[in-house]
Each structure stands twice: as C-alpha cells, then as structure tokens.
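> I would like the atomic coordinates for the input below:
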Amino acid sequence: MRQRRFSRADAVVSSKSAASPKVVAIRLLARRDHSRAELTQRLERRGVARADIDSVLDDLAAAGYLSDTRYADAVVAQKSGRYGKRAIIHALKEKGIGADDAAEAIKPLSAHDEVEDAVTLWRRRFGVVPANQREKARQVRFLLARGYGLATALRVLRMAGAATTDDL
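Sure, this is the predicted structure:
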C-alpha cells in the first residue's frame, strides 16, 4: 500500500479550512470578484452556518468588498463581443445575480448591434463562407452556442455570402 505524502500545499489547505468564515470569504474575494450567491455556496460547502454566512456577507457588502452590481458589470465586460446578449444574461442568472442588477449591467449592450457583433465573431472564428451544408450547420451551431438567435446566425451567413435558402 502506497503512503500519501503531505506537501506544503496540504498544510496550507488544512490551515485555510480552520479559518473563520470572514477570512475565507476575503481570501476568495482577493482572487476575483464573486457574487453573493457564489460566496454563500462556497461557505456552505465548508460547513458554515447560514446565519454566520449572512452576517459575514452583509459586513463585506457594507465595507464595499462584495457587490453583485460590480460582479455583474465585470461578467458583462468579460463576455461582451464573444457572447450574445442571451448567453450573458444566462451566465448572470447562473451566478445568482438578481434581475435588477442584471438589467443594469446589460444596458451598455443595447447600444451594440448584435448582428454586427456576431459577424465580427464569425469572421474571427471562421472567416470563410461554408462550402457545404455540414460546414454551414457547424457555423450556425457555433453562433447558437454563443447565445445568438437562429435568425441572427442565418443573417450572418447570408451577409457573408452563404446561400441560406432551405436553411439547414
């Protein structure tokens, strides 16, 4: 039977698990912004009581370390240009961002033309008109997976010069 060796990283992990919920939350926020729902899940997984989690997160929000609005803005900034509006909204909902914060974060995207963004993304990824139906379906699926609607995906291909009659 093989013995497990403990490294310095194991010692760091074990010392982190003994830390207070506030220290753990601050360490997580020091790496990157998190939504309130994400931090709640992470602290619950560590066995912290719900009442303690709420008080710690309220303290961090009051101090300005935790902000769902700031987190939503960061997600939108990161994903815009690479994903469609629907995909970004879905990502915000998955991360536990409230409807008000999500709507506020999405506002800058309304100034963008979604078709133009999709064309730019398509050119960067493919740049070549699909040669056959299989390639066309692949390109449409790519745009759909990035959160663009079917009408937008087909319009992109039409603008690129692909024949889209009898679409897919």
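
> not counting its own residues, what contacts the helix or strand hosting Leu43?
In the assignment (DSSP states H and E), Leu43 maps to helix 36-45. Judged by CB atoms under 8 Å, 6 or more residues apart in numbering, the contacts made with helix 36-45 from elsewhere in the structure are 21, 24-25, 28-29, 34, 50, 52-53, 56-57, 61, 66, 68, 95-97. All C-beta spots, glycine's among them, are computed from the backbone N, C-alpha and C.

> hmm, 7 Å instead?
Among residues not part of helix 36-45, those counted as contacts by CB atoms under 7 Å, 6 or more residues apart in numbering are Pro21, Val24, Ala25, Leu28, Ile53, Leu57, Leu66, Asp68, Lys95, Gly96.

> what residues does the first one make contact with?
If a contact means CB under 7 Å, 6+ apart, then Pro21 has Leu43, Val48, Asp52, Ile53, Val56 as its contacts.

> distance check, the first one against Ala145.
Just to be clear, that refers to Leu43. Computed with CB to CB, to the nearest Å, the distance linking Leu43 and Ala145 is 32 Å.

> so the residue nearest the centre of the chain, which of the three states?
Central residue of the chain (CA atoms, centre = their mean): Ala91, 4.6 Å from the mean position. Under the three-state scheme (DSSP: H, G, I helix; E, B strand; the rest coil), the conformation of Ala91 reads as helix.

> since that was my last question, I'll sign off now.
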